[in-house]
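1. could you look at this predicted model? Sequence included:
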Amino acid sequence: MVGAGPAGLAAAETAARLGAAVVILDENAAPGGQIWRGPSPEAAGLLDLARRAGARWFGGCTVFDADPEGRLWVTDVSGMQSTRIGFERLVLATGARERFLPFPGWTLPGVVGAGGLQALVKGGAGVEEQRVVVAGSGPLLLAVGAFLAEQGAEVACVCEQAPLGRLGRFISASPNLALGAARLRLALGSSPYRFGTWVAEACGRDRLESVVVTDGRRRWRERCDWLACGYGLVPNLELARLLGCKTKGDAVVTDSDLQTTIPGVFAAGEALGIGGVECALVEGSMAGSAAAGKAPSRELRERREGLRRASVRMADAFALRPEVLSLASPETILCRCEDVRIEQVEHARSYREAKLLTRLGMGPCQGRICGIASQTLFGWTPDRVRPPLIPVSVRCLGEEEE
Amino acid sequence: MGRTSVDVRVYGAGIVGAACAYFLARAGAEVEVVDSGAPGGGATGAGMGHLVVVEDSPERLTLTSRSLALWRDLLSWIECEALPCGTLWLAENEAEFAHCRAMGDRLADAEVQAELLDERALREAEPALRPGLPGALRVPADWSIYAPKAAARLLETPGIRLRRGDAREWRAEANEPPSVFALGDRTPDLFPDLPIRPRRGHLAIADRRPGLVFHQLVELGYLSRAHASDEASISFNVQPRASGQVLIGSTRDYAGFDSATSRATLAEMCRLAARWVPALADFPIVRAWAGFRPDTADHHPFIGRHASGAWIAAGHEGLGITLAPVTGHLIADLVLGREPIVDPSPYRLDREPTHA
């Protein structure tokens, strides 16, 4: 199991219970993935069940290379040492990351991802009495706003780009979600949650001091110490693509047992398209079961179908409006690793051409941020994925075959 | 030339096609360059961008040294991250060091500056190399460049128009305008009688850590593996980039057009690099890739006229970037009926291939 978020843990627990010899890998030291980051009873509970059934857990391990013949190459956080792990069946539960879109000032210190600021705070950064604007799109914003408020931050506002009409229709058709949303809204307290608004610009001399918020008609300034900004989530598909699994849009293609187009390789959770934690748990159980040789139950399949239908409605409700795709000015940085500005690539005819001429996406992050952003802005298709998936030392790449 | 708006059409917007277009346009021709993908997206973008004088055959010495002279002029106005790093040809033992000396003499005869570095001078020049190496030959006038940028700049020359299109649109019967094909390893798609094979090479690039190596470092054995053998091989070949990155090569094998990297080959290439420059072992590799050198049977390029009437400039193996200007100049000379810059006969398409 690659990934120890809800999908990976559910897959591990199920497969181990069915008698498979299971290894769980995750790049974080603790299980839980992004959604259950920090001390998480859910993650600890599932991992405990999986381990009692015989699964072995390795945290702080990142896969940097893999082949469909059943080999994974794994490195520790330092990128200095590597190990090879064999598999007969593989479950990709690689989760998702935030989508960042460039706008003037987005590279200022103090501008971070929405989930990113949450992770920072869970990692020990204090936000008490600091003023935060949360902006972008998706259900994560409300959760982050509520979390930050609980941690003592002064949440100036939560700016959701999707219009009230679309969200209202979605929420009223999803009573379970409505309840959760209402609970989070209460936790947010008196801070406003504004539909149909977005941050047009981040301002400050050496660090963020304020943001310009707009609803498309008016513009106003909000003073803040932090901007936590993310435009929804995108699945992490690098490992799936490296293995040669077919993908469609932003999702791995699978059969009804969640087997990818590479035999023996399964996928679950956000890798199949953003579906949320409940969907990830169901799909993890399905993939874990199928990987252990037992077809997933009809009940699981039916639950999954319902959850996937809801996730499609959710994606529609939070679809990005054209205005947020044109916030960047020609001088706005698009690729932070290689200092590439919008004007250097906006006339390129493909991602490949932009890369060749400017090194866009060719720095240490390997286009994980600017690749997604430029594909969102310009409609480019991603390039081929090659190892190493993350930077690893010459020694790691050169290690002798065992 | 003719009254049509296009005097010469060049198929292929890699560095060789771009150089052909440049020298044609500079002579006053209206040139249309046709490519189905991004300029420099083939071997040009996959290669190291090492501009290097090679003396392992008289033809190669003439061609590379003339091309380097043309490059020097071009680099006075083309911004392409050019670094005048020079090359160190590294000897591993006394026999190879003697060979370095002979190489230096041959280069001197061709008026290419070169100096022999003994063990101590080598250690001063490149302290990161493993100790105990007998010495090296230093060729100071070699460069490293970022070739896709060079191709893009050449294609901005007035008189050149770039069009997206497929070389298969060409019809031999329509002889106007004259057409130049700089299709590299894709040449046999149109000209099956020209045996050009993709010769795969792996490269890996380390993140910015300037100050480790200062020259392009190449082990002497590289040359014989590249030009006197068809065996799969791996040679130590490391390049400092103007960006501060370090590029690690190089490998050769025939693997069809599969551009997937080979795990075992990459691993061996990395081990070899760390054996020559031990501190490289801790350098983070941010990317690795494989590309294809367009290779002919005798590893010399095809530059000349095909029976169909088409002009061909392809098959430069690992020297396409080095040889682009001299190739472009020669093609312009031949197409326009000028005195050729070098004797074109060794590069005729109908030559008997002999191993260099």
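-> Good, I have the coordinates. Numbers count the residues shown, from 1 in each chain, chains lettered A, B, ... in the order given.
2. residues contacting residue 42?
-> No chain specified, so I'll use chain A. Contact criterion CB atoms under 8 Å, 6 or more residues apart in numbering or on different chains gives A:P6, A:G32, A:W36 as the residues in contact with A:E42. (Each C-beta comes from the backbone N, C-alpha and C, glycine too.)
3. chain B is the one I meant
-> B:G14, B:G184, B:D185, B:R186, B:G291, B:F292.
4. with distance to chain A and pLDDT as added columns, please give those in JSON lines.
-> Rendered in JSON lines, the data for the contacts of B:G42 read as follows (distance: CB to the nearest CB, whole Å; pLDDT from 0 to 100):
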{"residue": "B:G14", "distance to chain A": "11", "pLDDT": "98"}
{"residue": "B:G184", "distance to chain A": "15", "pLDDT": "97"}
{"residue": "B:D185", "distance to chain A": "17", "pLDDT": "96"}
{"residue": "B:R186", "distance to chain A": "16", "pLDDT": "96"}
{"residue": "B:G291", "distance to chain A": "11", "pLDDT": "97"}
{"residue": "B:F292", "distance to chain A": "14", "pLDDT": "97"}
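5. for those residues, work out which two are farthest apart.
-> The largest distance within these, taken as CB to CB, falls between B:R186 and B:G291 and amounts to 13.0 Å.
6. those two: which has the busier surroundings?
-> Taking other CB atoms under 10 Å in any protein chain shown, B:R186 and B:G291 do not tie; B:R186 has more neighbours (23 against 19).
7. contacting residues for the more buried one?
-> With contacts defined as CB under 8 Å, 6+ apart, B:R186 is in contact with B:G12, B:G42, B:A167.
8. ok, now with 10 Å
-> B:11-12, B:14, B:36, B:42, B:167-168, B:196, B:198, B:257, B:292, B:294, B:314 (CB atoms under 10 Å, 6 or more residues apart in numbering or on different chains).
9. so where's the stretch 201-350 of chain A shaky on pLDDT?
-> Scanning the stretch 201-350 of chain A for pLDDT under 70 picks out nothing.
10. do a quick rundown of the helices in it.
-> Listed in chain order, the helices of the stretch 201-350 of chain A (DSSP state H, counting those that start in this stretch) span residues A:238-243, A:277-291, A:298-317, A:342-345.
11. B:V218 touches B:F236, doesn't it?
-> Yes - A contact is recorded between B:V218 and B:F236 when judged using CB atoms under 10 Å, the distance being 7.1 Å.
12. so what sits against both of those two?
-> B:L90, B:G249, B:S250.
13. the residue nearest in space to the middle of chain A: what secondary structure?
-> Compute the mean C-alpha point of chain A, and by CA atoms, centre = their mean the closest residue is A:R97, 1.8 Å away. In three-state terms, and counting by DSSP: H, G, I helix; E, B strand; the rest coil, A:R97 is strand.
14. residues contacting it?
-> So, once contact is read as CB under 10 Å, 6+ apart, A:R97 ends up touching A:34, A:113, A:115-116, A:230, A:233-236, A:270, A:368-369, A:372.
15. same thing but at 8 Å, please
-> By CB under 8 Å, 6+ apart, the residues touching A:R97 are A:Q34, A:L233, A:V234, A:N236, A:R368.
16. which of the residues you listed tops the neighbour count?
-> Tallying neighbours with other CB under 10 Å puts A:L233 at the head of the contacts of A:R97, with 24 neighbours.
17. quick one: contacts for that residue?
-> Residues in contact with A:L233 (CB under 8 Å, 6+ apart) are A:A96, A:R97, A:E98, A:R99, A:G138, A:L140, A:E270, A:I274.
18. if we use 6 Å, what do you get?
-> Taking CB atoms under 6 Å, 6 or more residues apart in numbering or on different chains as the criterion, A:L233 is in contact with A:A96, A:I274.
19. return the set of residues that bridge with it.
-> Going by DSSP bridges, A:L233 is paired in beta bridges with A:E98.
20. highest average neighbour count across the helices of the stretch 201-350 of chain A?
-> Per-stretch averages of neighbours, counted by mean count of other CB atoms under 10 Å in any protein chain shown, single out helix A:277-291 among the helices of the stretch 201-350 of chain A, with a mean of 26.
21. contacts for that helix, please.
-> For helix A:277-291, contacts defined as CB under 6 Å, 6+ apart pick out A:6-7, A:10-11, A:14-15, A:35, A:89, A:91, A:257-258, A:266, A:268-269, A:296, A:300, A:303-304, A:307.
22. from those, list just the buried residues.
-> Taking 16 or more other CB atoms under 10 Å in any protein chain shown as the criterion, what is buried in those is A:6-7, A:10-11, A:14-15, A:35, A:89, A:91, A:258, A:266, A:268-269, A:296, A:300, A:303-304, A:307.
23. between the shared contacts of B:V218 and B:F236, which is nearest chain A?
-> Chain A has its nearest neighbour among the shared contacts of B:V218 and B:F236 in B:G249, at 12.7 Å by CB to the nearest CB.
24. in a strand, that's where that closest one is, yeah?
-> Yes - residue assignment for B:G249, taken from three-state DSSP, places it within a strand.
25. any idea how many residues pack against the closest residue to it other than its chain neighbours?
-> Take B:G249 and drop its neighbours on the chain: the residue closest to it by CB to CB, 6 or more residues apart in numbering or on different chains is B:N237, 4.3 Å away. Residues within reach of B:N237, counting by other CB under 10 Å, total 27.
26. equivalent analysis for B:A125, please.
-> 17.
27. report pLDDT for B:D193.
-> pLDDT recorded at B:D193 is 95.
28. give me phi/psi at it?
-> Here the main-chain torsion angles of B:D193 (degrees, to the nearest 10) amount to phi -80, psi -10.
29. tell me which element residue 45 falls in.
-> In the absence of a named chain, chain A is used. Here A:G45 is covered by helix A:41-52, with elements defined by DSSP states H and E.
30. actually, chain B is the one I wanted.
-> With elements taken from DSSP H and E, the one containing B:G45 is helix B:43-46.
31. starting at the chain centroid, how far to that helix?
-> Using CA atoms, centre = their mean, to the nearest Å, the mean C-alpha position of helix B:43-46 is found 9 Å from that of the whole chain.
32. so what touches it?
-> Helix B:43-46 is contacted by residues A:L356, B:G14, B:I15, B:A147, B:P148, B:A151, B:G184, B:G291, B:F292, B:G320 when judged by CB under 6 Å, 6+ apart.
33. which segments of chain A make up each domain?
-> Structural domains of chain A, as assigned by automatic domain parsing, span the residue ranges A:6-97+A:234-315, A:100-231, A:329-402.
34. please read the previous query as pertaining to chain B.
-> According to automatic domain parsing, chain B comprises the domains B:8-55+B:147-195+B:298-347, B:85-141+B:197-296.
35. quick one: contacts of stretch A:183-200?
-> Surrounding stretch A:183-200, the residues in contact under the criterion CB under 6 Å, 6+ apart are A:135, A:142-143, A:145-146, A:149, A:155, A:157-161, A:163-164, A:211-215, A:324, A:327.
36. now the residues you listed: which count as buried?
-> Neighbour counting over the contacts of stretch A:183-200 (16+ other CB under 10 Å) leaves A:135, A:142-143, A:145-146, A:149, A:155, A:157-161, A:211-215, A:324, A:327 as the buried ones.
37. highest neighbour count among the contacts of B:R186?
-> B:G14 (32 neighbours).
38. ok, residues contacting the least confident helix or strand in chain B by mean pLDDT?
-> Between all helices and strands in chain B, the lowest mean by mean pLDDT, DSSP states H and E belongs to helix B:221-227, at a mean of 90. Helix B:221-227 is contacted by residues B:D56, B:S233, B:S235, B:N237, B:H299, B:G318, B:A356 when judged by CB under 6 Å, 6+ apart.
39. name the SS class of B:V238, please.
-> Going by three-state DSSP, the secondary structure assigned to B:V238 is strand.
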